[in-house]
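Peer 1: got a predicted structure here, sequence first:
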Amino acid sequence: MPVVDKCPHQNMNEIAAILKNQGTGRDACVKVLQEIQGIFGYLPAAALQYVTDHSQITKRQIYGVATFYERFRFKPLGRHHVQVCRGTACHVRGAPMIIDAVAEELHLHGVEDTTEDGEFTFEKIACFGACALAPVTVTDGQTRGAMTADKMRKLLKKIASQAKTAHATDQPCPRSTMPTN
């Protein structure tokens, strides 16, 4: 199922409110993008077009800012967000093997970061600042330290299994029952 860039008309009122609060000058670009991403979880093309149509912020400036800062996204996150630290402490303690395990388990190679079905998004993070817990992963907002490639594979399989069950019963995937390690 391909990702569709949707930005419902009623949300354009929210974009207008952001511009009203942050301003329409070029100096407001970062704050405007942060707030748009806060609403949608990414930067939808329709929202960005609205910004360029109703402010002094240009497409070139938006693209420059959004590609400079790693935290901005042009595509929606998957239902499950998997992050692996690649900082020095995590690297030394096995993060590369965890990164390889996630990529293999989710069949994500090259530049793709979200699975075709939209279930998982995988990010390699520069550093979480939790070096004492290395290697560190964050999955659906839950931080796990002393992670290994095998633990990560098991976690991903469990999440995928729960997602299939949730889809079969048309209920949201339960995040509160995720394993802690």
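Peer 2: Great, that's in hand.
Peer 1: tell me where the protein has strands.
Peer 2: 80-85, 120-125, 137-139, 142-144 (DSSP state E).
Peer 1: which neighbouring elements make contact with the third one?
Peer 2: Counting contacts by 3 or more C-beta pairs under 8 Å, 6 or more residues apart in numbering; DSSP states H and E, strand 137-139 packs against strand 80-85, strand 142-144, helix 149-168. C-beta: built from backbone N, CA, C; applies to glycine.
Peer 1: OK, contacts around F72?
Peer 2: By C-beta atoms under 8 Å, 6 or more residues apart in numbering, the contact list for F72 reads 33, 37, 43, 65-66.
Peer 1: ditto for F128
Peer 2: By C-beta under 8 Å, 6+ apart, the neighbours of F128 are 83, 85, 87, 136, 138, 143.
Peer 1: the same query, at a cut-off of 10 Å, please.
Peer 2: 83-87, 89-90, 134, 136-138, 143, 145 (C-beta atoms under 10 Å, 6 or more residues apart in numbering).
Peer 1: with Y50 instead?
Peer 2: 7, 11-12, 14-16, 18-19, 36, 44.
Peer 1: partners of R144 in the sheet?
Peer 2: R144 has these beta-bridge partners by DSSP bridges: T137.
Peer 1: verify the stated contact: it with T137.
Peer 2: Yes: using C-beta atoms under 10 Å, R144 makes contact with T137 at a distance of 5.1 Å.
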